[in-house]
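> attaching a predicted model along with its sequence, questions to come.
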Amino acid sequence: MPQLDSYTLTFANLFLSLVMALTMYAMYQANQRERALLEWANAGLFNVLGYGVGLLHLEHLAPVSLVNAVPNILYLLAHIAILRGVLSFLNIPKHNTITGVAILIFFACQLFPSIASNLEYRIYIYTFAVLLVKSVSISILYKTMSKEREWFYIPLLVTELFFLLQMLARSFLLFFQHASIDIGDANTAIQTVGWLSDVLFLTAATVSCVLLILRKQVVEIEHLSYRDQLTGCLNRHALTEKINTLFSSSNRSSNSLGVVLLDIDFFKRINDDYGHDVGDLALSHVSSILNDLLTDKDSLYRIGGEEFLILSLDMTGKSVNELAEKLRGRIEISHLQLPEKALKVTSSFGVTLCTLAENWPNVLKRADMALYKAKENGRNKCVFSIDKKS
């Protein structure tokens, strides 16, 4: 293992910590809704302070009592801040009281004379605390990645796992091989590995946190591009891009593609009598009911005004009719609650199946004709239409 001086490695880690703090804080200033950035900026700041104390020690400008307790507390706070950033990013509640008590206990342990005078004991306590924090962070990232099936959690997950494993390895060497260690000496394998691990960790953590934020912004832009802002339903742009895929999936299955076209009855009257704000509430009310009752194989689109479209894979005439009737009935009994009254909202449905030989304009036209008949027959009804050629 090449010999590296402690001063250079400490300064390098301080510089990388400063880069992390400034990068995260600059990004937070650009997007103050993302509180995770502020937590990650704090992580960099705590590390800057910790390595700063280390530099003062190397220059013999810091008392031994300060060096014995403060740096490990600052490093632990940095790792806790990274965890808190992950929690903020995933909108998971943070337990500030529990965190505060744990830090106080850790600080109190550093003040016991038997611990304060023994570097190995301090390292064991610090290692245990960091491993606990990293285990929680890794568990949360892994569960989220498995649930959402998104790759962009992997860099931070691997970074946290790397730090945990190298801490375990160093602790193993220290405990089982009785390796000697000095806080100011980088000329041993165990210390050199530790310093270089910190360099890699700080670099990877900064890049990983930036990647998380950038990926989240891309997802938000895609959401705005493909979603109706008022109701959250897919929009016409999404329908245009996905219809060929949906048809292909239907063609490969034994059943047809169910198509349900609906709109809100007397929607213009709602706008005229109660105002457009209530009209918007009615749209959100209906879309919320539809989303609650639809499954993963269904996709819901708002295609204009008060009109919605549902595409449902692997359907039969009976099943798509049952779906439409279930939706119609739920909308009918779920009144829109206004401050002055409960407003009854109903919808009319045009229902059809997409046969294998048809193209989309023909299918949409048939569903639209069925919807027109539902309105002619008194509204709040479902009308089913099938291609007579099939």
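Thanks, I have it.
> now the strands: where do they sit in the stretch 151-300 of the chain?
Secondary structure of the stretch 151-300 of the chain (DSSP state E, counting those that start in this stretch): strands located at 256-264, 298-304.
> give me whichever of those is most buried.
When you average the neighbours per residue for each of those (mean count of other C-beta atoms under 10 Å), strand 256-264 leads with a mean of 25. For every residue, glycine as well, the C-beta is placed using N, CA and C.
> show me what that one is packed up against.
Under the contact definition 3 or more C-beta pairs under 8 Å, 6 or more residues apart in numbering; DSSP states H and E, strand 256-264 sits against helix 236-251, helix 276-293, strand 307-315, helix 317-333, strand 347-354, helix 360-376.
> just checking: what are the partner strands of that strand?
strand 307-315 (antiparallel), strand 347-354 (antiparallel) (DSSP bridges).
> most packed of these?
strand 347-354 (a mean of 27).
> return the distance of it from the chain's centre.
Relative to its chain's centre, strand 347-354 lies at 35 Å (C-alpha atoms, centre = their mean, to the nearest Å).
> and for stretch 296-304?
23 Å.
> neighbouring contacts of it?
Residues outside stretch 296-304 that contact it (C-beta atoms under 8 Å, 6 or more residues apart in numbering): 228, 230-231, 233-236, 238-239, 242, 246, 283, 287, 290-291, 294, 308-314, 323.
> tell me the average confidence for it?
Computed over stretch 296-304, the mean pLDDT rounds to 92.
> using PDB, write out every CA atom in that stretch.
Extracted as PDB, the C-alpha positions of stretch 296-304 are listed here (Å, rounded to 0.1, in the frame of the first residue of the first chain):
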ATOM      1  CA  ASP A 296     -53.500  -1.800 -13.800                       C
ATOM      2  CA  LYS A 297     -54.700  -3.100 -17.100                       C
ATOM      3  CA  ASP A 298     -56.900   0.000 -17.600                       C
ATOM      4  CA  SER A 299     -55.700   3.400 -18.800                       C
ATOM      5  CA  LEU A 300     -57.700   6.600 -18.400                       C
ATOM      6  CA  TYR A 301     -57.500   9.600 -20.600                       C
ATOM      7  CA  ARG A 302     -59.100  13.000 -20.600                       C
ATOM      8  CA  ILE A 303     -59.400  13.700 -24.300                       C
ATOM      9  CA  GLY A 304     -61.200  17.100 -24.200                       C
END
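> can you pull out the helices in the chain?
With DSSP state H as the criterion, the chain has helices at 6-30, 35-58, 64-89, 96-111, 113-116, 119-148, 154-176, 189-226, 236-251, 267-274, 276-293, 317-333, 360-376.
> rank those helices by pLDDT, which is bottom?
helix 113-116 (a mean of 58).
> which parts of stretch 373-387 are buried?
374, 380-385 (16 or more other C-beta atoms under 10 Å).
> circling back to that earlier point, looking at the strands of the stretch 151-300 of the chain, which is closest to Ile221?
strand 298-304 (19.1 Å; C-beta to C-beta).
> mind putting the strands of the stretch 151-300 of the chain in JSON lines, distance to Ile73 included?
JSON lines is the format used below for those (distance: least, C-beta to C-beta, whole Å):
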{"stretch": "strand 256-264", "distance to Ile73": "60"}
{"stretch": "strand 298-304", "distance to Ile73": "52"}
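> of all these, which one is nearest Thr8?
Nearest of the strands of the stretch 151-300 of the chain (C-beta to C-beta): strand 298-304, 57.6 Å.
> rewinding a little: of the strands of the stretch 151-300 of the chain, which approaches Glu222 most closely?
Across those, closest to Glu222 is strand 298-304 (C-beta to C-beta), at 15.4 Å.
> just the angle between the closest one and helix 189-226, please?
50 degrees (axes from the mean of the first three to the mean of the last three C-alpha atoms, to 10 degrees).
> show me the contact partners of stretch 147-158.
86, 138, 141-142, 144-145, 204-205, 207-209, 211-212, 215.
> possible to save those as a markdown table with distance to Ser348?
Putting the contacts of stretch 147-158 into a markdown table (distance: C-beta to C-beta, whole Å) gives the following:
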| residue | distance to Ser348 |
| --- | --- |
| Val86 | 47 |
| Ile138 | 52 |
| Leu141 | 47 |
| Tyr142 | 47 |
| Thr144 | 41 |
| Met145 | 43 |
| Ala204 | 57 |
| Ala205 | 55 |
| Val207 | 54 |
| Ser208 | 51 |
| Cys209 | 50 |
| Leu211 | 47 |
| Leu212 | 45 |
| Arg215 | 41 |
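> report the central residue of the chain.
With distances taken as C-alpha atoms, centre = their mean, the residue of the chain nearest its centroid is Leu90 (4.6 Å).
> OK, contacts around it?
Contacts of Leu90 by C-beta under 8 Å, 6+ apart are 140, 144.
> for it, give me phi and psi.
phi -90, psi 10 (degrees, to the nearest 10).
> what's the separation between it and Met145?
11 Å (C-beta to C-beta, to the nearest Å).
> check Val259 too.
Taken as C-beta to C-beta, the span from Val259 to Met145 is 35 Å.
> Lys94 too?
20 Å.
> for Glu306, grab phi and psi.
According to degrees, to the nearest 10, Glu306 has phi -100, psi 10.
> just to revisit the earlier point, JSON lines for the strands paired with strand 256-264, including mean pLDDT and distance to Glu220?
Output for the strands paired with strand 256-264, formatted as JSON lines (pLDDT from 0 to 100; distance: least, C-beta to C-beta, whole Å):
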{"stretch": "strand 307-315", "mean pLDDT": "92", "distance to Glu220": "23"}
{"stretch": "strand 347-354", "mean pLDDT": "94", "distance to Glu220": "30"}
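> mind checking those for the one nearest to Leu22?
Closest among these, using C-beta to C-beta: strand 307-315, at 47.5 Å.
> what is the burial count for Val193?
Neighbour count for Val193, taken as other C-beta atoms under 10 Å: 15.
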